[in-house]
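>>> for reference, the sequence and a predicted model appear below.
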Amino acid sequence: MVNLSKIQIDDKKLVKVYQLMFEILNEADDKDDFLGIIKDILSPPEQLMVAKRIAIIYLLLKGIDQSTIAKYLKSSRATVAKFSLLFYDKESKLIGIIGELLNRETISNFFEDLFADIFISPGLKIGHWQMHWDHKRRQKERTMIDA
């Protein structure tokens, strides 16, 4: 549980604190730098909490039902329901970013399937069977996640 002081910070100071946080997070050049900064700032339970919240919103936008999300992420159904209500029919910046990720994922999956159908010819070239089965395995994993 996060321990917060009951003493409120005035708005000007809060803006400066958020600006400082933005500047620090903005210094990350790649994923490893970002994860290093996050590990320095947040405790492991806080990291897990933030990651689960984002995953819950992502899976809700994908259309996965709440009980499946709760079981998959090992969180309570009440937590999933809370985020479902918070982001139901709401257009926030986070929803926009996750929506773009879902669109890119759909497009990238489409192109991967298209190129696999065109270029992978098992039986014609040596090594294509392995690529064929790797592609089929990735397709099966995607359908398991989407289901």
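Perfect, thanks for sending it.
>>> CA atoms for contacts and neighbours, from now on please.
Will do.
>>> can you tell me the centre-most residue of this protein?
With distances taken as C-alpha atoms, centre = their mean, Ala55 lies nearest the centre of the chain, 5.0 Å away.
>>> next SSE after the host helix or strand of it?
Using DSSP states H and E, Ala55 sits within helix 44-62. The C-terminal neighbour of helix 44-62 among helices and strands, as given by DSSP H and E, is helix 66-73.
>>> looking at whatever helix or strand comes next after that following helix now, give me its mean pLDDT.
Once the chain leaves helix 66-73, the next helix or strand it forms, by DSSP H and E, is helix 77-86. Helix 77-86 shows an average pLDDT of 90 in the prediction.
>>> now what about helix 77-86, what contacts it?
53, 56-57, 60, 66-67, 69-70 (C-alpha atoms under 8 Å, 6 or more residues apart in numbering).
>>> kindly export that helix (C-alpha atoms) in CSV.
In CSV, the C-alpha atoms belonging to helix 77-86 read as follows (Å, rounded to 0.1, in the frame of the first residue of the first chain):
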residue,chain,number,x,y,z
ARG,A,77,-12.9,-8.9,-10.3
ALA,A,78,-13.7,-5.7,-8.4
THR,A,79,-10.5,-4.1,-9.6
VAL,A,80,-11.3,-5.1,-13.2
ALA,A,81,-14.8,-3.8,-12.8
LYS,A,82,-13.6,-0.5,-11.4
PHE,A,83,-11.4,0.1,-14.5
SER,A,84,-14.2,-1.0,-16.8
LEU,A,85,-16.4,1.6,-15.2
LEU,A,86,-13.7,4.3,-15.2
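>>> if you count neighbours, what's buried in whichever helix or strand comes after it?
Downstream of helix 77-86, the first helix or strand assigned by DSSP H and E is helix 93-119. Neighbour counts using 16 or more other C-alpha atoms under 10 Å place 95, 98 of helix 93-119 among the buried residues.
>>> next one: helix 93-119 to chain centre, how far?
14 Å (C-alpha atoms, centre = their mean, to the nearest Å).
>>> same deal with stretch 10-18?
28 Å.
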